[in-house]
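>>> Predicted model, plus sequence, below.
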Amino acid sequence: MSLVRCAWANPANPLYLSYHDHEWGVPCHDERKLFEMLNLEGAQAGLSWETVLNKRENYRLAFDGWDPERIARYDDAKIAELLANPGIIRNRLKINAAITNARAYLELREREGGLAPFLWAYVDGKPMQNRWSGAAPATTPLSDRISKELSRRGFKFVGSTIIYAYMQAIGMVNDHRADCFRHASLA
C-alpha cells in the first residue's frame, strides 16, 4: 500500500518527494535556512516550486551558502556573474531582491534577533494546525500582516502569497492535507 501524500508532491521527482516527506511543513528555527527559504520562495514567483527546488543546490553555491553578510556586500561584478549562471533563475529583479533581503535581514537580526524570533512570535512559537481536505488557501490574514511588515522593513519579493508559501515551507502552519501521512506526524 502506498503512502497518501499531498496532491502537489510529484511522485516522478525523487527530490520533490523527499522535500515533501522530510522538509515541507517541518518547523524551522535555523536562521540560515529561514533566510534561504525566504529568498527561494521569492525566486519562485511566476514559476513552480519544483523548478526552484531542482536548482536549490546551484543557488546555495551561487549565493555563498546563503551567508547574508557576504550577500549584502555583492557588487555589480557579482550580480553580472549571477546573471550569467545557468544553474539559477537569471532574473535581475530576483537577484537584486536577494541582496536587498540580506541587508534587511542583517538589520532585522540586530533589532529582533533574526527571522526565527520575528516570525515565530506571530504564532506564539507553535505551528498552526490546519485540516484541509482540498487545497490550502493562497493567502491568509496572517500572511498579509507578515508580508506588510517585511515589506515595511525593506524586504523584497515578500507578497502575501509568497509569505504564505514560506509559512507552509518552514512549518509555521501544518498545511499537509488531513489525509496525508505527514499531517499527523507534524500535528
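Looks like it came in fine.

>>> Burial check on the nearest residue to Asn101 once chain neighbours are set aside, number of neighbours?
The shortest distance from Asn101 to any residue other than its chain neighbours is 5.3 Å, reached at Phe155 (CB to CB, 6 or more residues apart in numbering). Where you see a C-beta, it was placed from the backbone N, CA and C, and this is true even at glycine. Residues near Phe155, counting by other CB atoms under 10 Å, number 22.

>>> Quick check: Phe155 touching Ala102?
No: at 10.0 Å, Phe155 and Ala102 do not qualify as touching, with contact defined as CB atoms under 8 Å.

>>> Quick check: which ranges of this structure have low pLDDT?
Scanning the chain for pLDDT under 70 picks out 1.

>>> what are the ranges of the helices in this protein?
Ranges of helices in the chain, per DSSP state H, are 14-22, 31-43, 49-54, 56-62, 68-71, 76-83, 92-112, 115-120, 141-152, 160-169, 181-186.

>>> among those, which is nearest Cys6?
helix 14-22 (6.4 Å; CB to CB).

>>> Might one say that Ala165 is in contact with Gly42?
No: with contact defined as CB under 8 Å, Ala165 does not reach Gly42; the gap is 9.8 Å.

>>> The residue nearest the centre of the chain and Ser48: what is the separation?
Nearest to the mean C-alpha position of the chain, by CA atoms, centre = their mean, lies Met37 at 3.1 Å. Going from Met37 to Ser48 by CB to CB, to the nearest Å gives 16 Å.

>>> do the same with Asp21
According to CB to CB, Asp21 stands 18 Å off from Ser48.

>>> Looking at these two now, which is surrounded by more residues?
The residue with more neighbours, out of Asp21 and Ser48, is Asp21; 15 against 12, by other CB under 10 Å.

>>> Find the nearest non-adjacent residue to that one, please.
Nearest non-adjacent residue to Asp21 (CB to CB, 6+ apart): Arg182, at 6.7 Å.

>>> now Asn130
Closest residue to Asn130 apart from its sequence neighbours, by CB to CB, 6+ apart: Asp175 at 5.3 Å.
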